[in-house]
Each structure stands twice: as structure tokens, then as C-alpha cells.
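J.: Quick one, what's the 3D model for this:
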Amino acid sequence: MQKLRILARAELALARIKAQRTGFQVALFVVAVLFLFSSLILLNLAGYNALVPRFGAAVAALLVAAANMLLAAIAVTIALKARPGSADEELAQQIRDMASEEIKKDVDEIRDEIQRVSDEIAGVRAGISSLRSVPEGVRSVINLASSVHKGIDDLS
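T.: The predicted structure follows:
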């Protein structure tokens with residue numbers, strides 16, 4: 001029972017760690033989206049207005065769009081590489097695997113014990129079956145003894 005508790009706690013720890021990592025990644029994706037929107041609004045206006053006199057309207061728009069995409073790509077890259085608590089996750093996985101192996105060993109021992117008891121029951125059944133044939137043999141011996149006794153009486 002204790003091994004099942006350990007296994008359940010390890011699974012819970014793994015789920016918690018994965019949820020934390022996912023939450024962290026989602027938060028960084030939200031930051032990426034905020035950068036994207038803020039850059040689309042503020043940087044687009046400021047950058048576009050600053051670049052139009054020097055490069056013209058079309059080139060200014062392209063430069064502002066490129067800067068927006070670069071900021072979004074940086075945030076997404078950071079989010080994908082984020083792995084908080086990986087040492088904790090490895091430890092929880094090791095504990096889970098160890099508990100799982102112990103439970104498997106226990107199940108195998110129980111299975112072997114059930115097989116042993118089943119074999120013993122089969123042996124008892126075979127013994128009982130052989131006892132059923134004994135009365136027929138005893139009857140034959142009694143009949144033979146009766147015949148011999150009758151034959152002796154007839155001789156006398």
C-alpha cells in the first residue's frame with residue numbers, strides 16, 4: 001500500500017512540475033503576444049513616422065514590420081527553451097519508476113503464489129480422483145474373498 005502512495009505522489013509531483021512548466025511557457029507566449037501588439041501599435045507609429053522622411057512610406061513600413069517579427073520570434077524562442085525545475089522532474093520520475101518496479105515485483109510474487117496454490121489444488125483433486133477408484137478395487141477384493149470363501153465352503 002505504501003508503494004502505491006509513493007507512486008501516486010510521484011505522479012502528482014510530475015503533473016505539478018509539468019503544469020508549472022506549461023504555465024511558464026504560456027506566460028511567455030502571452031508576453032510575446034503583448035510585445036507583438038504593443039509593437040504593432042506604438043513602434044509601428046513611432047518607427048513609421050521616423051522612417052518615412054528618410055526611406056519613404058513603403059520601406060518604412062517594411063522596416064517596422066521586420067522589427068515586430070524579430071521581437072515576437074525572440075519571445076517565442078525563449079518560451080520554447082524554458083524548462084523550470086527539470087532536476088525536480090527527473091527526481092520525481094526516478095521515484096515513480098522505482099515505485100512502479102516494486103509494485104510490479106509484488107504483483108509477480110502474488111501471481112507466483114496463486115500459481116503455486118493452484119498447482120497444489122490440482123494435486124489434491126488428482127488425489128481425490130484416485131481415491132474414488134479405491135472402492136471399486138475394494139469391492140473386487142471383497143467379491144474375490146467371498147468367492148474364495150464360498151469355494152472353501154463348497155469343498156467342505
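
J.: CA only for contacts and neighbour counts going forward, please
T.: Will do.

J.: residue ranges of the helices in the chain, please?
T.: Assigned by DSSP state H, the helices in the chain fall at 2-38, 44-55, 57-81, 86-155.

J.: could you measure S146 against I152, distance?
T.: 10 Å (Cα to Cα, to the nearest Å).

J.: Now render the helices of the chain as TSV, adding mean pLDDT.
T.: Shown next, in TSV, are these (pLDDT from 0 to 100):
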stretch	mean pLDDT
helix 2-38	85
helix 44-55	88
helix 57-81	88
helix 86-155	75
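
J.: Kindly present those helices as TSV, with separate columns for mean neighbour count.
T.: Converted to TSV, the helices of the chain look like this (neighbours: other Cα atoms under 10 Å):
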stretch	mean neighbour count
helix 2-38	16
helix 44-55	15
helix 57-81	15
helix 86-155	13
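
J.: Got phi/psi on G56?
T.: Main-chain dihedrals, G56, degrees, to the nearest 10: phi 100, psi 170.

J.: Could you check how many residues crowd around it?
T.: G56 has 12 neighbours, counted by other Cα atoms under 10 Å.

J.: Would you mind measuring from it to L62?
T.: Per Cα to Cα, G56 is found 10 Å from L62.

J.: How about V30?
T.: Separation of V30 from L62 (Cα to Cα): 24 Å.

J.: One more: L80?
T.: Taking Cα to Cα, one finds L80 at 27 Å from L62.

J.: same thing with A126?
T.: Per Cα to Cα, A126 is found 91 Å from L62.

J.: next one: G47
T.: 10 Å.

J.: Could you do D119 as well?
T.: Distance from D119 to L62, by Cα to Cα: 82 Å.
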